[in-house]
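Asks: Got a predicted structure plus its sequence, pasted below:
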Amino acid sequence: MPCWNCGATEPARFCAACKALQPPVREYFAFFELEPQLALDEKDLQQRFYALSRKLHPDLFSRKSPAENEHALEATSVLNDAYRTLRDPIARALYVLKLEGFDIGEQSTKDVPPELLEEVFELNMALEEARMGDADALAQLPGFCARFAAMRAETDLAIAQVSAAWDSTHDKPALSDLRGHLNRRKYITNLIDKTNVPDRV
Amino acid sequence: MAYSDKVLDHYNNPRNVGSLDRNSSTVGTGMVGAPECGDVMKLQIQVNDATGIIEDAKFKTFGCGSAIASSSLATEWLKGKSVDEALQIKNTDIVNELSLPPVKIHCSVLAEDAIKAAISDYRKKQGSEVAVPVAVSVA
């Protein structure tokens, strides 16, 4: 799309010819001028976020045209959403899966290995028994919590490994492994939550 | 979001919670899960060999109120039905009975999947490899 202000072709964030702010790119990695990647340098991302926050702050555009003002508001909103998503490894991984066409919200049982379901079911049974039991049973809860935390740490390690692998190969099977690890992590996180709080209704 | 009275009733007084002997040749077990919410549901049927009628059904669900109510209702409906009749139970029937809101429809899909998985397991044990269609309908 040419520059909305002067018609110059292929403007960057700011048009090289007239310096006008362009409507923001909606894809989060592209917004930060990064390639899609899972094992992101979070320090570098933070610096990009601060630099862009300074350049795009709507106050800087208050004396410009209403159109440019609007672009600044939109860009700031995308900036915040993009930073919130990309700085967190799990949110980032879910975002990459979505970009690559793996819809994490529309899975059914066939996407979950039966062993994982069996394991999660058994862990839930054991945890419920401890929660419903006497003082001795309740005393096991911290042990469960520690065990689940260790399982989550293992899963995070596996996620980090498969993330690095995908970044160098952009291999589809790596993404389905990633989705498997994220599913497992979600189940473990739920178990950890249940070691702390009463059952949700 | 408010749960309907029927959901609350099943949640507070779940029917047929428990388990059947999963090694028995007349018991079919379905274990299904929804990773996005971290739910896991086990549903079992006990079938009379001679009549083909489901004589008992048990479930255990770790999940939200709607997932528990959907599976509880499913076990109530399964009892007394033939296996073929049981396959006719659709997630939309559960949605209507429990007045599930759109965001909880996937709970009913999970229950339908569990029924189909249990029947599929039973048939496999009986040696008939008739494929059971997997639930696809969502609303």
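Replies: Arrived safely, thanks for sending.
Asks: What's the first helix or strand after the lowest-mean-pLDDT helix or strand in chain A?
Replies: Each helix and strand of chain A was given a mean pLDDT (mean pLDDT, DSSP states H and E); the minimum falls on helix A:135-138 at a mean of 81. Using DSSP states H and E, the helix or strand that follows helix A:135-138 in sequence is helix A:141-169.
Asks: quick revisit: any residues touching the least confident helix or strand of chain A, and which ones?
Replies: Helix A:135-138 has contacts (C-beta atoms under 8 Å, 6 or more residues apart in numbering or on different chains) with A:129, A:130, A:131. No exception for glycine: its C-beta is placed from N, CA and C like everyone else's.
Asks: Pull the contacting residues for the last one.
Replies: By C-beta under 8 Å, 6+ apart, the residues touching residue A:131 are A:137, A:138, A:141, A:194.
Asks: One more: residue A:175?
Replies: With C-beta under 8 Å, 6+ apart as the criterion, the residues that contact residue A:175 are A:96, A:97, A:100, A:102, A:166.
Asks: Sitting in helices, which of those do you find?
Replies: A:96, A:97, A:166 (DSSP state H).
Asks: From the residues you listed, list just the buried residues.
Replies: A:96, A:97, A:166 (16 or more other C-beta atoms under 10 Å in any protein chain shown).
Asks: What about residue A:24? Give its phi and psi, please.
Replies: phi -70, psi 150 (degrees, to the nearest 10).
Asks: Contact residues of chain B facing chain A?
Replies: B:3, B:11, B:31-36, B:38, B:40, B:42, B:60, B:62, B:64-65, B:109-110, B:113, B:117, B:134-135 (C-beta under 8 Å from any C-beta of the partner chain).
Asks: Model confidence for residue B:27, exactly?
Replies: In this prediction, residue B:27 carries a pLDDT score of 96.
Asks: what about chain A, any weak spots by pLDDT?
Replies: By pLDDT under 70, the low-scoring segments of chain A are A:103-111, A:197-201.
Asks: Distance from the lengthiest helix in chain B to the middle of the chain?
Replies: When chain B is parsed with DSSP H, its longest helix is helix B:105-126. Chain-centre distance of helix B:105-126: 6 Å, with C-alpha atoms, centre = their mean, to the nearest Å.
Asks: Show me the helices in chain B, by range?
Replies: B:5-12, B:65-78, B:83-86, B:91-98, B:105-126.
Asks: Can you add distance to residue A:92, mean neighbour count and mean pLDDT and give the ones you listed back as CSV?
Replies: Shown next, in CSV, are these (distance: least, C-beta to C-beta, whole Å; neighbours: other C-beta atoms under 10 Å in any protein chain shown; pLDDT from 0 to 100):
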stretch, distance to residue A:92, mean neighbour count, mean pLDDT
helix B:5-12, 35, 16, 89
helix B:65-78, 29, 25, 94
helix B:83-86, 43, 17, 95
helix B:91-98, 33, 20, 94
helix B:105-126, 25, 23, 93
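Asks: what would those helices look like in JSON lines with distance to residue A:1?
Replies: Shown next, in JSON lines, are the helices of chain B (distance: least, C-beta to C-beta, whole Å):
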{"stretch": "helix B:5-12", "distance to residue A:1": "49"}
{"stretch": "helix B:65-78", "distance to residue A:1": "45"}
{"stretch": "helix B:83-86", "distance to residue A:1": "56"}
{"stretch": "helix B:91-98", "distance to residue A:1": "44"}
{"stretch": "helix B:105-126", "distance to residue A:1": "39"}
